[in-house]
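>>> Just a sequence and a predicted model for now, questions to come.
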Amino acid sequence: MLALCLTFILLLAMAAAYVVHRTGQELQRPLSISQPTEWTLNKGASTIGLANQWSKQGWIETSFWIKVAVRLDSSLTKIKAGTYELTPGVSVRQQLEKIIRGEQKAFYLTLVEGETVKQALARIKAHPKLTLTHTPESLAKLIDFDGANPEGMLFPDTYQFHLGETDSALLTRAAKRMRTEIDAVWKQRANQLPLKSSYEMVILASIIEKETGVAAERPLIASVFVNRLRKGMRLQTDPTVIYGMGERFDGDIRRQDLREKTPYNTYRINGLPPTPIALVGREALEAAARPLDSNMYYFVAKGDGSHQFSQTLAEHNRAVNQYIRNK
């Protein structure tokens, strides 16, 4: 009788060892997928439900071995809801471990220097994984901006997000990042800048951003505008005219546009416009805060993205004749 019991126990142990070994083997098999596959695990779903889904999709031969694995290893039950990218050649266990860690598939949205808040919101609207719920006006309230126009208050960068994240969450992150960048640069500003606040620095930086075609020229372009502000000269920069025209701008600036008095037309107003005219990056902020020390008051585009800088109006007129009028 004792021998029979020992034999039975031995058989049970062998069977258990086989099940453990076979379960391990099955979980080392890759999913039957030929390309990266986006897959969403809904809230409240269990590992057993996951196994049934994968079996139904044909990604595993049977759900049985995952169900056994859950019995053997309770940590496999701690899966997290979300959207994941299942990878060809990766084992079932590795896929499960990624879901347990909550390593969701990342999506990306890029906000671009020199674009406007409206264009930034349009990028969100065009993104297949985001839903736009904001206008510039509601954005101002969302980010606690003290003004009606939150232009320039989002930091241009590439933002990572997961499926289900709202546009509000992403925009709040971009606005928080912008405040951090503004504070950091403003603390390092040069002495005796003709700027009353960090907000004026952002306004100036946005003009620099729009005028710059060659990155290395930012500090020199900044110096031109700072020199003009110090001397009480109007900035006379076309991007401010364009911004003031809004939807009416059709790609060309005419003499009548330069003469039109809008709050943004720096050919008609003194000093800076009332708000930034675009999103600005760190380099434009730094140029506005620490412009090059120069005696330049004018610049004209040379046609290759760079500019010809001049100290006097006579020099500037000659440069205009050379590069614009081709005389």
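On my side now, so go ahead.

>>> Spell out which helix or strand contains the closest residue to T266 other than its chain neighbours, please.
The spatial neighbour of T266 that comes closest, neighbours along the chain excluded (CB to CB, 6 or more residues apart in numbering), is L235 at 4.0 Å. C-beta: built from backbone N, CA, C; applies to glycine. Using DSSP states H and E, no element contains L235; it sits outside every helix and strand.

>>> Counting neighbours, what do you get for L235?
19 (other CB atoms under 10 Å).

>>> What residues of stretch 163-177 count as buried?
By 16 or more other CB atoms under 10 Å, the buried positions in stretch 163-177 come out as 165, 167, 170-175, 177.

>>> Repeat that for stretch 52-60.
Buried, per 16+ other CB under 10 Å, within stretch 52-60: 53-55, 59-60.

>>> before we move on, the earlier item: per-residue confidence, the residue nearest to T266, what does it come out as?
L235 carries a pLDDT value of 96.

>>> Hmm, V226 and it touching each other?
No: applying CB atoms under 8 Å as the test, L235 and V226 come out as separate, 10.2 Å apart.

>>> Please enumerate the helices of the stretch 201-327 of the chain.
218-231, 238-245, 255-259, 282-289, 313-323 (DSSP state H, counting those that start in this stretch).

>>> Tell me which of the ones you listed lies nearest to N149.
helix 238-245 (10.4 Å; CB to CB).

>>> hmm, who's touching stretch 136-153?
Around stretch 136-153, the neighbours that count as contacts under CB atoms under 8 Å, 6 or more residues apart in numbering are 116-118, 121, 134, 168, 171-172, 175, 178, 202-203, 205-206, 274-280.

>>> Now find how far off-centre it is within its chain.
18 Å (CA atoms, centre = their mean, to the nearest Å).

>>> Let's have the buried residues of stretch 52-60 in a markdown table, adding pLDDT and distance to K125.
Below are the buried residues of stretch 52-60 laid out as a markdown table (pLDDT from 0 to 100; distance: CB to CB, whole Å):
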| residue | pLDDT | distance to K125 |
| --- | --- | --- |
| Q53 | 93 | 32 |
| W54 | 94 | 34 |
| S55 | 93 | 38 |
| W59 | 93 | 34 |
| I60 | 90 | 39 |
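
>>> can I get these in TSV with secondary structure and distance to T87?
Supplementary listing: the buried residues of stretch 52-60 in TSV, determined by DSSP: H, G, I helix; E, B strand; the rest coil; distance: CB to CB, whole Å:
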residue	secondary structure	distance to T87
Q53	helix	17
W54	helix	14
S55	helix	19
W59	coil	12
I60	coil	15
